[in-house]
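Visitor: only geometry, no sequence info:
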């Protein structure tokens, strides 16, 4: 990629300029979500003028017109001009992923990216220089307890849980069907947060019993804000580092290992191995790096995010295999989904 990029950019750096402006594109989408642009357009039965949108959302006409034009430019909105007035409408993609009301809405993910991740990334230089997260500089919280920072208020907890919920609404089905898990009768999703991934498991494998195991405050919030009527999953409170974990045939660790340094990962995997029933296993769900360090770009960005926010990193398959082998697991299988997250299944 580097050779191709350098050769193509010599006459004029189109790609570099696109990269430089990437943060602006992100902020255009973030701002539109925070203002409620996509929700308003979804509810409207007809295209709206900038003046109408400004009136409904309480913004300046000039400001919202520029924002709407930028959204047209990046092909998220459509525009038509009638008698000199521009009228804006949503695309199918915006209606599906950016409006709150959609079943596949990524709105909560976007709000978390805008209000929590974006400020952290403003301190990326310090994170790279110091080699540690920037929770103290960004939020005034100690860097040692990353989940104290993530769960620093009920509002922040809800934002994070909304992020996780959005992730599994989008990627959950691909993960739970990466392998045939029907042979596992009892499944425990450690750190399962809102239960979104666990519900995908329960829906796909109805003969299995599925439990979400998470911190007491997370379970309480999940049951208050994210539970469904006749929920197919059970919630159980605990701390998988300091306390006991329930016995199971299969343990799911979805976006858990990447939070922590290797020594804590090994401690957790050994605890899982000791609690796992014979013939059982562990399912890891992470954004896996390539062994040759050439991508995927999204996983490389996630790894930088772990630097600036947590204590861990994204890893290639060889590092996951090493940790699984070291803690007693064998028969490691991998499924690259080609999307945000990949799956690794290992047996006890």
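Guide: Everything's here; your move. Not measured: the values here are computed from a predicted model.

Visitor: mind listing the helices for the stretch 101-250 of the chain?
Guide: Using DSSP state H, counting those that start in this stretch, the helices of the stretch 101-250 of the chain run over 107-112, 118-121, 124-130, 135-139, 146-150, 154-176, 196-204, 216-225.

Visitor: residues contacting the first one, please?
Guide: It stands for helix 107-112. Counting contacts by CB atoms under 8 Å, 6 or more residues apart in numbering, the residues outside helix 107-112 that touch it are 29-30, 33-34, 38, 98-100, 159-160, 162-163, 165-167. Where you see a C-beta, it was placed from the backbone N, CA and C, and this is true even at glycine.

Visitor: can you do 6 Å?
Guide: Outside helix 107-112, the residues that touch it by CB atoms under 6 Å, 6 or more residues apart in numbering are 30, 33, 100, 159, 162, 163, 166.

Visitor: kindly reformat those as JSON lines containing neighbour count and distance to residue 288.
Guide: Shown next, in JSON lines, are the contacts of helix 107-112 (neighbours: other CB atoms under 10 Å; distance: CB to CB, whole Å):
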{"residue": "30", "neighbour count": "17", "distance to residue 288": "27"}
{"residue": "33", "neighbour count": "23", "distance to residue 288": "29"}
{"residue": "100", "neighbour count": "13", "distance to residue 288": "31"}
{"residue": "159", "neighbour count": "19", "distance to residue 288": "26"}
{"residue": "162", "neighbour count": "22", "distance to residue 288": "25"}
{"residue": "163", "neighbour count": "21", "distance to residue 288": "20"}
{"residue": "166", "neighbour count": "22", "distance to residue 288": "21"}
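
Visitor: related to what we said a few turns ago, any chance of CSV for the helices of the stretch 101-250 of the chain, columns distance to residue 268 and mean pLDDT?
Guide: Putting the helices of the stretch 101-250 of the chain into CSV (distance: least, CB to CB, whole Å; pLDDT from 0 to 100) gives the following:
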stretch, distance to residue 268, mean pLDDT
helix 107-112, 24, 96
helix 118-121, 24, 97
helix 124-130, 24, 98
helix 135-139, 21, 96
helix 146-150, 14, 91
helix 154-176, 18, 95
helix 196-204, 18, 97
helix 216-225, 17, 96
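
Visitor: out of these, the one nearest residue 343 is which?
Guide: Comparing these against residue 343 with CB to CB, the closest turns out to be helix 154-176 (5.5 Å).

Visitor: now do the closest one against helix 196-204, angle only.
Guide: The directions of helix 154-176 and helix 196-204 differ by 40 degrees, with axes from the mean of the first three to the mean of the last three CA atoms, to 10 degrees as the criterion.

Visitor: so which bits of helix 154-176 are buried?
Guide: Applying a neighbour-count criterion of 16 or more other CB atoms under 10 Å, the buried positions in helix 154-176 are 156-172, 174-176.

Visitor: which other residues reach stretch 79-94?
Guide: Residues external to stretch 79-94 that are found in contact with it (CB under 6 Å, 6+ apart): 38, 41, 42, 47, 48, 49, 68, 72, 76, 77, 78.

Visitor: number of nearby residues for the fifth one?
Guide: Residue neighbour count, defined by other CB atoms under 10 Å, stands at 20 for residue 48.

Visitor: distance of it from residue 113?
Guide: 26 Å (CB to CB, to the nearest Å).

Visitor: and the last one, by the same measure?
Guide: Counting by CB to CB, the gap from residue 78 to residue 113 is 24 Å.

Visitor: of these two, which one has the most company?
Guide: Between residue 78 and residue 113, counting by other CB under 10 Å, residue 113 is the more crowded of the two (19 against 15).

Visitor: the more buried one - nearest residue in space that isn't next to it in sequence?
Guide: Taking CB to CB, 6 or more residues apart in numbering, and ignoring the residues beside it in sequence, residue 113 has residue 30 as its nearest neighbour in space, at 6.6 Å.
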